[in-house]
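1. My questions concern the predicted model and sequence given below.
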Amino acid sequence: MNFKATVITNVEVSPGYFRLRLTAPQFFVTAASPGQFVMVRVSASIDPLLRRPFGIFDVGVMATEYPDVQQPFLDILYKVVGKGTAMLAGFHHGDQMEVLGPLGKGFGTGEPSEGKVLVGGGVGLAPLYYLARELVKESRVHLFAGGRGRDDVLCITEFERLGVETYVSTDDGTLGERGLVTEVLERYLANGTGAKTIYACGPFPMLKAVAEIAGRTGIPCQVSLEAYMACGVGACLGCVVKGRDHSEATPDYRCVCKDGPVFDHTELSWEQRL
């Protein structure tokens, strides 16, 4: 569904990273699930022409200035990387924009257990927060968050407030352990923690490494891919990736926006990327 949204807050949570809260219809809050995304039109003009995709960080209802009146809302987490997101960072309370969503296939939460493991980096933490909020209702959840430096590790306090046990690593050692988040994950799993499911979102190299770990350990794993998107509904085929059975003779392509963005790690070809 396409709807008009009004900016409630647009706050810089770390240098270059923003958390945007928008009004949303009640149907959106009811229909959305962890792992889905929205397409946002950042300008009423044709420049930039295409909408921008953003994972859903959170949805809910909030109090207003009027007693007994609550406002449904949508939160997204984004990094300023180009013209579109730079324009988005300039939005203030009361400004309006168009939003299309919720879109895509989200995470499957599975059965309650004591071993839900989340792995994310940068804005890849966005859909994992929404997922964690649902998982903690019935399971013990562990988060492995990584980034190049401390500024790239986002919203850890929010995860901890949910009761999530967090492990942080950075490439330069400015926050948490020094090293890759997947290295910390491997050490954790080697201790025989009994992880039941891994959920990951972040850069492709990180997801590939997580998928390899899941394959070696036999732990079920779902990954949420990041991709450039033009339409968000599978019409333009601009965000396709190669499936596990892909070959020149029998092409196997998956649309990130329509078939995903969440996939079982066994569905994809990790050795071949467009």
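-> Yes, it's here. Numbers count the residues shown, from 1 in each chain.
2. domain ranges for this protein?
-> Residue ranges for the domains of the chain, per automatic domain parsing: 2-103, 116-226, 228-274.
3. how far does the second one sit from the chain's center?
-> Right, domain 116-226. Distance, stretch centre to chain centre, for domain 116-226: 12 Å (C-alpha atoms, centre = their mean, to the nearest Å).
4. tell me the mean pLDDT for that domain?
-> Mean per-residue pLDDT for domain 116-226: 92.
5. And the helices in the stretch 1-150 of the chain, which stretches?
-> Here the stretch 1-150 of the chain has its helices, by DSSP state H, counting those that start in this stretch, at 26-31, 83-88, 125-135.
6. Take those helices and write them to TSV, including mean neighbour count and distance to L225.
-> Placement of C-beta: from N, CA and C, glycine included. Shown next, in TSV, are the helices of the stretch 1-150 of the chain (neighbours: other C-beta atoms under 10 Å; distance: least, C-beta to C-beta, whole Å):
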stretch	mean neighbour count	distance to L225
helix 26-31	14	22
helix 83-88	16	19
helix 125-135	25	11
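7. Those into TSV, with extra columns for distance to F204?
-> Formatted as TSV, those follow (distance: least, C-beta to C-beta, whole Å):
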stretch	distance to F204
helix 26-31	29
helix 83-88	19
helix 125-135	16
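8. residue ranges for the strands of the stretch 51-200 of the chain, please.
-> 52-63, 70-79, 96-103, 116-121, 141-147, 165-170, 177-178, 197-201 (DSSP state E, counting those that start in this stretch).
9. quick revisit: most neighbours per residue, which of the domains of the chain?
-> domain 116-226 (a mean of 20; mean count of other C-beta atoms under 10 Å).
10. picking up where we left off before, among the domains of the chain, which is nearest T109?
-> domain 116-226 (6.0 Å; C-beta to C-beta).
11. wouldn't V119 be in contact with A200 here?
-> Yes. The criterion here is C-beta atoms under 8 Å, and V119 meets it with A200 at 4.2 Å.
12. Common neighbours of these two, please.
-> In terms of C-beta atoms under 8 Å, 6 or more residues apart in numbering, V119 and A200 are both contacted by the residues M206, V210.
13. and Q96, bridged to which residues?
-> T6 (DSSP bridges).
14. correct me, but it touches A5?
-> Yes. Using C-beta under 8 Å, Q96 is in contact with A5, at 6.8 Å.
15. Could you check how far the residue lying closest to G147 once chain neighbours are set aside is from G16?
-> Closest residue in space to G147, ignoring its immediate chain neighbours: V153 at 4.5 Å, by C-beta to C-beta, 6 or more residues apart in numbering. As judged by C-beta to C-beta, to the nearest Å, V153 and G16 stand 13 Å apart.
16. ok, now S45?
-> When S45 is compared with G16 (using C-beta to C-beta), they lie 25 Å apart.
17. Could I get the contacting residues of L128?
-> L118, G120, L143, Y199, C201.
18. Which one of the residues you listed is nearest to A214?
-> Distances from A214 to these, taken by C-beta to C-beta, are shortest for Y199, at 10.5 Å.
19. Thank you kindly, that will do.
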